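[1] structure for this input, please:
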Amino acid sequence: MVRQVSGNTVYTIKQNAKSEIVEKKSRFISFAIKTETETDALSELEKVKTMYPDATHHTYAYVINDNGVLYQRYSDDKEPSGTAGLPILEVLKKNNIENVLIIVVRYFGGTLLGTGGLARAYSQSAKEAVEQAGLARRVDCAVFILTTDYSSYEKLKRIMEEHTVMDVKFTEQVIVRFAAEDLKAEEQIGKIYELVNNKCIIERENNIYLEI
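    Numbers count the residues shown, from 1 in each chain. This is a model prediction of the structure:
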């Protein structure tokens, strides 16, 4: 499934993580992995399959925002339809998590769990991997280039601390590259102009996502 990204606040994981649960002697080994593209996600999936070649199932789901387009995929990997990949995907969707791949590797323990039991086990495995990874807000930010004189820059230092400063160059003038949350950018730029009485030039570049 592919759809356009909405303007709602979303999250991603702080770091890759691994977790494991046992349900009626079946082992469920879960991975939460940060990924930026579908190609990266599929590459990570193959790595995990190589690590556990004898596993009964390698189920997964991912949600990826690639330049404003959201990709969602899941696989039950021969588990009963809707009992594995979909519950994993729902963990991502319900928590507004994107650019994350969750893989759950299962070693069958000899006891059938039933469709309800399977769905609960896969969902719990995904939740525990996400909990181990931790969440960070993934914020759509606008990038700006600010050019001003040295005296004006001194006045702007404090307000710059409210944003993500990406680069500062000291030449004949001071050139600051910074990012501001897109929804608040217009208001923030207005404050900057007001603070230095319009003695600066601000040019907008592109938008990026930052983890906060």
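[2] show me where pLDDT drops low in the protein?
    Within the chain, the stretches with pLDDT under 70 are 1-8.
[3] now with 90, please.
    1-10, 66-70, 138-140, 157-158, 160-163, 181-184, 206-212 (pLDDT under 90).
[4] can you give me the strands for it?
    Secondary structure of the chain (DSSP state E): strands located at 2-4, 10-13, 17-23, 26-34, 57-66, 69-75, 100-107, 135-148, 164-170, 174-181, 200-211.
[5] the ones you listed: which one's closest to Gly116?
    For Gly116, the closest of the strands of the chain is strand 17-23, at 11.9 Å, according to CB to CB. (Glycine included, C-beta is placed from N, CA and C.)
[6] residue contacts, Ile102?
    In this structure, Ile102 makes contact with 30-33, 60-62, 88, 91-92, 126, 129-130, judged by CB atoms under 8 Å, 6 or more residues apart in numbering.
[7] out of the strands of the chain, deepest packed?
    Of the strands of the chain, the one with the most neighbours on average (mean count of other CB atoms under 10 Å) is strand 100-107, at a mean of 26.
[8] show me what it pairs with in its sheet, parallel or antiparallel.
    strand 26-34 (antiparallel), strand 57-66 (antiparallel) (DSSP bridges).
[9] nothing else from me, thank you.
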